[in-house]
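>>> sequence? don't have it. structure:
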């Protein structure tokens, strides 16, 4: 079993607080930490939320001063021109730029202007079937977070994705979107093949910070077993322990929020890693993936030199003359392991010695 490198996404999100300079600083911190990707969030507040939508409890608890989601999000927008500059900067610095779109205008920008290599569907949009379908119609690899989702809701979303991907591959294989068409696409051999090739599901707990008892990390492999797609983990817990555990549990993608300063105002800073923690997480994940190995149970190269030292052989427990009977009294088992295996013990019992042995000699 070959292992592939875990994709580590440093989630800048909206932790730039609408400040272009801080957005570039976040890119630099992601690079310094060794992340593979740095990901932002792309939206127009007027497309995303009504003027009077209430703040989430976690947003209030994390110090957001605005009285509505709209007023909060309006301050957290990054304009499209800044996105273009960030992409160019990331290309120069050899880190992949990603972003999550939260409205159709932003998604079109990510696909057709920035031409991102992959797209991310956030947990809150999994039940937004037209938006999910627009992602699938891009034909790009999709990462889908599944926070707040039941298994049935994930299956429905994958049906929409399968429908879109099948249409991309076969032009108008399915003409009219419908729940029946989505299920047909999901159940088809083509749909399953495309989902396996194009989709990574991220287990996620949508709370900031997420409490350990709410993480349910085993659900990640439930997703893998249920849908036969690649899986990973989008982490909102405090610290770096859970994403490291997710890698040990088979995650091929890790997404984690980070910030330049946890004390900054904003909805996500307190539940994010600081630059030192982000670098520690990346380093720990790289160590864990090395330790995961190939899955083949065999002696490692480093162990081979120790086999003869720590294993045992059959040796003479007393001085033995040629022709003496070999018995439990004169057959002992001791190191080193360069002689006859202890598995041969019963074969030697009650046979006659073919040569003289002094105490400690390896029996042959």
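Noted; the coordinates are in hand. Remember, predicted model here, so these are calculated numbers, not experimental data. Residues are numbered from 1 along each chain as shown.
>>> Could you use CA atoms for every contact and neighbour count after this?
OK.
>>> The chain: strands as residue ranges?
7-13, 37-42, 96-101, 119-121, 142-145, 199-204, 230-235, 253-257, 313-316, 331-334 (DSSP state E).
>>> how much does the longest one deviate in direction from strand 96-101?
The one in question is strand 7-13. 50 degrees (axes from the mean of the first three to the mean of the last three CA atoms, to 10 degrees).
>>> Which strands border strand 7-13, and is each parallel or antiparallel?
As defined by DSSP bridges, the strand partners of strand 7-13 come to strand 37-42 (parallel), strand 253-257 (parallel).
>>> For residue 286, find the nearest of the strands of the chain.
strand 7-13 (9.8 Å; CA to CA).
>>> Now do that closest one against strand 230-235: the angle between them, please.
Using the same axes, to 10 degrees, strand 7-13 lies at 40 degrees relative to strand 230-235.
>>> Now mean neighbour count, mean pLDDT and distance to residue 182 too, for the strands of the chain, in TSV please.
TSV is the format used below for these (neighbours: other CA atoms under 10 Å; pLDDT from 0 to 100; distance: least, CA to CA, whole Å):
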stretch	mean neighbour count	mean pLDDT	distance to residue 182
strand 7-13	24	98	29
strand 37-42	24	98	27
strand 96-101	24	98	23
strand 119-121	22	98	18
strand 142-145	24	98	17
strand 199-204	27	98	16
strand 230-235	27	98	20
strand 253-257	24	98	26
strand 313-316	24	98	65
strand 331-334	20	98	67
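>>> In TSV, list those along with distance to residue 355.
Below are the strands of the chain laid out as TSV (distance: least, CA to CA, whole Å):
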stretch	distance to residue 355
strand 7-13	62
strand 37-42	69
strand 96-101	71
strand 119-121	74
strand 142-145	70
strand 199-204	66
strand 230-235	62
strand 253-257	63
strand 313-316	11
strand 331-334	14
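>>> picking up where we left off before, can I get the strands paired with strand 7-13 in a markdown table including distance to residue 346?
Compiled in a markdown table, these are given as follows (distance: least, CA to CA, whole Å):
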| stretch | distance to residue 346 |
| --- | --- |
| strand 37-42 | 60 |
| strand 253-257 | 52 |
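>>> so which of those strands gets nearest residue 320?
Residue 320 lies closest, by CA to CA, to one member of the strands paired with strand 7-13: strand 253-257, at 63.3 Å.
>>> Quick check: end-to-end length of stretch 326-336?
20 Å (CA to CA, to the nearest Å).
>>> picking that back up, looking at the strands paired with strand 7-13, spot the one closest to residue 183.
Residue 183 lies closest to strand 253-257 among these, at 26.9 Å (CA to CA).
>>> which other helices and strands contact the lengthiest helix in the chain?
In the chain, with assignment by DSSP state H, the single longest helix is helix 151-170. Here helix 151-170 touches helix 129-136, helix 179-187, helix 189-198, going by 3 or more CA pairs under 8 Å, 6 or more residues apart in numbering; DSSP states H and E.
>>> So for that helix, what gets flagged as buried?
154-168 (16 or more other CA atoms under 10 Å).
>>> Kindly report the same for stretch 118-129.
So stretch 118-129, judged by 16+ other CA under 10 Å, has buried residues 118, 119, 120, 121, 122, 123, 125, 126, 129.
>>> Those residues: which two are farthest apart?
118 and 129 (18.7 Å).
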